[in-house]
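Q: Output the structure for:
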Amino acid sequence: MEDKPASEQIDDIIKLYGGWKGRVLSQLRAVIKAADPEVIEEVKWKMRSRPEGLPVWSHNGIICIAETFKNDIKLVFFKGVWIKDPKKLFNARLNSRTDRAIEFHENDIVDKVALKELVLEAVQVNISRAKRG
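A: The predicted model follows:
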């Protein structure tokens with residue numbers, strides 16, 4: 001996977017997990033890319049226990065990453081504490097000092113409209129924090 005562009009590596013990650021996890025990852029990716037056409041896809045944190053790495057979406061810093069576990073997928077926003085969440089999508093890592101996450105299980109429905117708003121808000125947080133930098 002190392003020699004491939006990040007977008008192809010993420011395609012491979014989606015295929016690797018397949019089933020409902022592949023469908024959810026694919027939906028999340030589509031919403032993120034539609035929300036921000038300038039988003040940069042990356043794959044980071046490859047390690048022995050997760051050789052495929054984690055899908056990462058960035059714009060002026062990391063917007064979010066997708067972590068796949070045995071029974072769920074978490075879409076983690078590293079600066080989630082500063083993101084307005086009027087639809088209350090964040091349901092995981094609520095006690096973190098910075099992160100917030102959305103945990104998805106097999107039959108969960110992705111609220112594409114609300115997720116798009118979160119992504120746009122995350123981009124604005126990154127841009128405003130970069131300006132203060």
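Q: got a list of contacts for the strand or helix carrying E121?
A: Assessed by DSSP states H and E, E121 sits inside helix 112-132. Contact with helix 112-132 is made by 27-28, 31-32, 34-36, 57, 59-64, 75, 77, 79-80, 82-87, 89, 102, as judged by CB atoms under 8 Å, 6 or more residues apart in numbering. Just so you know, the C-beta spots here come from the backbone N, C-alpha and C atoms, and that holds for glycine as well.
Q: Among those residues, which ones are in strands?
A: 57, 62-64, 75, 77, 102 (DSSP state E).
Q: Among those residues, which pair sits farthest apart?
A: Pairwise distances across the ones in strands among the contacts of helix 112-132 peak at 15.3 Å for I62 and I102 (criterion: CB to CB).
Q: Same drill for these two, tell me which one is more crowded.
A: I102 (25 against 18; other CB atoms under 10 Å).
Q: ok, now which ones touch that one?
A: With contact set as CB under 8 Å, 6+ apart, I102 has these partners: 74-75, 89-92, 115.
Q: can we see that at 10 Å?
A: 28, 64, 72-77, 80, 85, 89-93, 108, 110-111, 114-115, 118 (CB atoms under 10 Å, 6 or more residues apart in numbering).
Q: That one and S49, how far apart?
A: Distance of I102 to S49, given as CB to CB, to the nearest Å: 23 Å.
Q: How about A101?
A: Taking CB to CB, one finds A101 at 19 Å from S49.
Q: Which of the helices and strands in this protein ranks last by mean pLDDT?
A: helix 112-132 (a mean of 92; mean pLDDT, DSSP states H and E).
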